[in-house]
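1. could you work out the structure for the sequence below:
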Amino acid sequence: MYPVNWTAEYGDGTRSRGFAAAGIIPWIKQLLLLPHLIILMFLGIAVAFGAYVGYWIVAITGRLPAGLSKLIQDTTAWSMRTNAWFFSLADPYPPFVLDGGDNGYPTELSVDEPPEKSRGWALLGIFFLKFLAAIPHMIVIYFLGIAAFLGAWVGFWIVLFTGSMPKGLFDFIVGYHRWTTRLGLWIAGVVDEYPPFSLD
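-> From the prediction side, this is the model:
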């Protein structure tokens with residue numbers, strides 16, 4: 001098993017028709033998420049800066065400071081809760097909480113972080129060469145992202161008429177987000193194992 005996993009609860013598949021109607025015109029849901037998006041923008045800047053500093057710390061000490069790792073993981077969990085709501089993977093409006101525990105929200109980020117980190121990957125990160133290794137993933141994720149967005153839009157219509165999100169579509173969108181989460185935490189240096197090309 002890869003040391004990073006992200007899941008969302010399907011339950012009985014029932015989703016809000018109202019939120020689905022808002023999702024049909026995507027900017028409406030984005031507008032509702034605007035407070036989250038503003039906060040996450042600043043947290044994203046802090047995480048990017050912190051991850052780069054973390055490369056230097058790992059290159060010297062072989063360890064990523066626990067506080068920095070927690071900031072990266074908690075920001076990722078918040079971002080993924082926001083994505084889950086936008087894509088109708090979950091109906092409750094995401095909480096404004098910087099806590100990877102997800103606070104009862106029907107998504108979960110789990111990370112089995114190794115105590116010792118690779119100095120080699122850290123050195124590649126310092127010189128931005130780690131991003132070269134991520135390019136194959138980024139290409140696949142780009143096309144998966146288009147498919148996930150279109151799939152979610154079709155899903156909004158299905159939920160609007162049936163009140164339920166199809167399980168296969170739900171699993172595909174969750175898999176797409178799981179893949180992006182694994183890649184993001186690998187780039188940030190929280191885990192060293194190269195992510196698999198897999199939705200599972």
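2. from here on, just use CA atoms for contacts and neighbour counts.
-> Fine.
3. so which elements touch the lengthiest helix in the chain?
-> The longest helix of the chain (DSSP state H) is helix 130-162. If you count contacts as 3 or more Cα pairs under 8 Å, 6 or more residues apart in numbering; DSSP states H and E, helix 130-162 packs onto helix 17-24, helix 119-126, helix 167-187.
4. and those helices, which one is worst for confidence?
-> Here those differ in mean pLDDT, and the lowest is helix 17-24 at a mean of 94.
5. buried ones in that one?
-> Across helix 17-24, burial judged by 16 or more other Cα atoms under 10 Å covers Arg17, Phe19, Ala20, Ala21, Ala22, Gly23, Ile24.
6. ok, now stretch 60-78?
-> Buried residues in stretch 60-78, counted by 16+ other Cα under 10 Å: 62-64, 68-69, 71-78.
7. give me the contact list for it.
-> For stretch 60-78, the external contacting residues (Cα atoms under 8 Å, 6 or more residues apart in numbering) are 40, 43-44, 47, 50-51, 54, 57-58, 94, 96-100, 102, 108-109, 115-119, 181, 185, 188-190.
8. where in the chain is the helix or strand with the lowest mean pLDDT?
-> When each helix and strand of the chain is scored by mean pLDDT, DSSP states H and E, helix 26-32 comes last, with a mean of 90.
9. touching, Ala156 and Gly23? I think so.
-> Check again: residue 156 is Phe, not Ala. Yes. Contact criterion Cα atoms under 8 Å: Phe156 and Gly23 qualify, at 6.2 Å.
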